[in-house]
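Q: Any chance you could fold what I've pasted below:
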Amino acid sequence: MNQEAVDRRLLVSALAARTSKIKGTIESIQNKLSKPEPGPEFVQSLAAALDAGEHQITDLKQEKRHKYNALTKEEHYLSRELELMLDRLESPAWNLAHQSEQASLQPPVARVPAAYHPKQGGGLLPEVEAFDDFHEQHGPTGGWHPDDHSEFERILKVCKGDYSHATLMCYDQMIGFKRSDIIAHARWHAEHQELYVRKRIALAEWRNQKEAEKAAIALQAAVDRPSARQAQHQRQQHQEQSRMSRELRQQSLAEWKAAREQEEREITVQLAEQQELQKQAELTALAERQAANKHKLEEYHHLKAHQDAQAAAQAALATGQPVSRLDPEQLHRIQQRNHELMQRKTESAAAKQHGEEQRLSRLHAIQQQVSAKVNAKVQKDPQRILKVTAAAQQRLAAEQEDSHSSKPSGFIRHISGKGVPAWRQPLRGMQV
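A: Model (predicted):
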């Protein structure tokens, strides 16, 4: 028995062990669900069993996915090496037949695939179109989850492409799939692989045809080589076209930037106007609320005074005291006083609101001034770094002024007469 058979048997046994463990976990969950019990302990045990089963399935899928990715990369590398080897075998260097010198100069005959019939105006190969239509209709995994499809391909690879054996193994190892679903997926996979192989063969033949055409074109170009002047003229035309396209791109970019800046400025102005309107609406609503609250307060005070008067009258009647009635003149004086008080309050509220509006207008003017200073646009002056600053000019003027004015040296010979202290001046004419 070779090493590959041993490894395959070990892999199958390990996978069967892990699958049986997962099946056991699922059976235990089904048993718990069939016999529910009251209390939090049953819920906790069921949640732990569900988490354990999910972790086991996830770990198994991840491990198999990593192994499948590694095998896919290895298959890709082997396919690439096989294609390179086939290209080398098909190259003229491996042809041992005697070829004459004139035959070597003739262009190779292009191989046209038998199944290639181009559409009117160009198009894809029929094999490529058939594969793309099939892939678009059924998807890359035939309607299965990518992990389940990867598991199916892995089992099929283990069975060496035998779909009947792979179907039986998938039915035994994959959980949650019916036999009919696995058979339908196997038929889909077989059709997919057949279309894929046809596509690869058609693309290889088409590639060989293109290479033959390129070789013929290169041979014709070598025979009919253009002159150096024509090549230079073509290069100049290409450079001119590149320059014009670059200028057009720069112009379109500048126009786009200008339009974007204009749009941003318009949006800024609109936002400022909306904020101002919203602020005015808030101030108006605040003034209306204040007036309504003031009116409600006045009504409450009138009602309170009326209730107090009624309560005092009832109390006086209860105690037997005479109720004092006001004459019309006193009532008129009280009403006039209340009216003047309300008028003063209204004027005070209006003055306060006017002061608030003036404060807001001053604040808005200050914000505009600050914004104008911050966002001020000044012309560029590259020579400003070498210019003399205001502080340097002041120091230079002070130095020039000090150089023109004379300073006393403090030497005693420059004093015109002998100095006498102030305390000796009264004793200057007295003799000792």
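Q: ok, residue 67 - contacts?
A: residue 154 (CB atoms under 8 Å, 6 or more residues apart in numbering). Where C-beta positions appear, they are placed from N, C-alpha and C, glycine not excepted.
Q: Going by secondary structure, it is in what exactly?
A: According to DSSP states H and E, residue 67 maps onto helix 40-90.
Q: Tell me the gap between that helix and the middle of its chain.
A: Centre-to-centre, helix 40-90 and its host chain are 32 Å apart (CA atoms, centre = their mean, to the nearest Å).
Q: what is the rounded mean pLDDT of it?
A: The pLDDT scores in helix 40-90 average 80.
Q: Check stretch 232-241 too.
A: On average, stretch 232-241 scores 86.
Q: so where's the longest helix in this structure?
A: In terms of residue count, the longest helix belonging to the chain (DSSP state H) is helix 228-319.
Q: That helix packs against which elements?
A: helix 328-374 (3 or more CB pairs under 8 Å, 6 or more residues apart in numbering; DSSP states H and E).
Q: Just want the angle from the helix it packs on to helix 228-319.
A: 160 degrees (axes from the mean of the first three to the mean of the last three CA atoms, to 10 degrees).
Q: other SSEs contacting helix 328-374?
A: Helix 328-374 sits against helix 228-319, with contacts defined as 3+ CB pairs under 8 Å, 6+ apart.
Q: Now residue 152: which helix or strand?
A: With DSSP H and E as the criterion, residue 152 is inside helix 146-158.
Q: Between helix 40-90 and that helix, find me the angle.
A: Using the same axes, to 10 degrees: helix 146-158 against helix 40-90 is 50 degrees.
Q: Buried ones in helix 146-158, by neighbour count?
A: By neighbour count with 16 or more other CB atoms under 10 Å, helix 146-158 contains the buried residues 147-156, 158.
Q: who's in contact with it?
A: 8, 11-12, 61, 64-65, 67-68, 71, 141-142, 144, 162-163, 166, 169-170, 173-174, 177, 182, 185-186, 189.
Q: Tell me how many other residues crowd residue 131.
A: 21 (other CB atoms under 10 Å).
Q: Just the pLDDT at it, thanks.
A: At residue 131, the pLDDT recorded in the model is 85.
Q: Run through the neighbouring helices and strands of the helix or strand hosting it.
A: Per DSSP H and E, residue 131 falls inside helix 126-138. On a contact count with 3+ CB pairs under 8 Å, 6+ apart, helix 126-138 meets helix 179-223.
Q: Just want the angle from the helix it packs on to helix 146-158.
A: 80 degrees.
Q: pLDDT on helix 179-223, on average?
A: 84.
Q: chain center to it, what's the gap?
A: The answer for helix 179-223 is 40 Å, by CA atoms, centre = their mean.
Q: Report the buried residues of stretch 138-145.
A: Buried residues in stretch 138-145, counted by 16+ other CB under 10 Å: 141-142, 144.
Q: out of these, who's nearest residue 400?
A: Proximity of the buried residues of stretch 138-145 to residue 400 was ranked by CB to CB; the top entry is residue 141 with 91.3 Å.
Q: That closest one sits in which helix or strand?
A: Here residue 141 is assigned to no helix or strand, by DSSP H and E.
Q: if I look at it, how far off is residue 193?
A: 13 Å (CB to CB, to the nearest Å).
Q: picking up where we left off before, what distance separates the helix holding residue 152 from the middle of the whole chain?
A: 36 Å.
Q: swap in stretch 178-188?
A: That offset, for stretch 178-188, works out to 42 Å (CA atoms, centre = their mean).
Q: And the contacts of it?
A: 138, 142-144, 149, 152, 156, 163, 166-167, 170-171, 174.
Q: Which of the residues you listed sits closest to residue 257?
A: Nearest member of the contacts of stretch 178-188 to residue 257, counting by CB to CB, is residue 138, at 48.3 Å.
Q: OK, contacts around the closest one?
A: By CB under 8 Å, 6+ apart, the contact set of residue 138 is 188, 192.
Q: so what pLDDT did it get?
A: For residue 138, the pLDDT comes out at 82.
Q: any idea how far it lies from residue 191?
A: Taken as CB to CB, the span from residue 138 to residue 191 is 9 Å.
Q: go on, residue 134?
A: Distance from residue 134 to residue 191, counting by CB to CB: 7 Å.
Q: likewise residue 20?
A: Distance from residue 20 to residue 191, counting by CB to CB: 33 Å.
Q: For burial, what's the neighbour tally of residue 202?
A: 21.
Q: For the closest residue in space to it that isn't next to it in sequence, list the residues it contacts.
A: Nearest residue to residue 202 in three dimensions, chain neighbours excluded: residue 127, at 3.9 Å (CB to CB, 6 or more residues apart in numbering). Residues near residue 127 by CB under 8 Å, 6+ apart: 115, 195, 198-199, 201-203.
Q: burial count for residue 190?
A: 13.
Q: and the nearest residue to it once chain neighbours are set aside, how far is that from residue 188?
A: Among residues not flanking residue 190 along the chain, residue 163 sits closest, at 6.2 Å (CB to CB, 6+ apart). Distance, residue 163 to residue 188, using CB to CB: 11 Å.
Q: per-residue pLDDT, residue 109?
A: Reading off the model, residue 109 has pLDDT 35.
Q: Same check on residue 98?
A: 40.
Q: Residue 414 too?
A: pLDDT recorded at residue 414 is 53.
Q: what do you get for residue 274?
A: For residue 274, pLDDT reads 88.
Q: and it, how far is that from residue 265?
A: According to CB to CB, residue 274 and residue 265 sit 15 Å apart.
Q: repeat for residue 20
A: 72 Å.
Q: Equivalent analysis for residue 388, please.
A: Going from residue 388 to residue 265 by CB to CB gives 37 Å.
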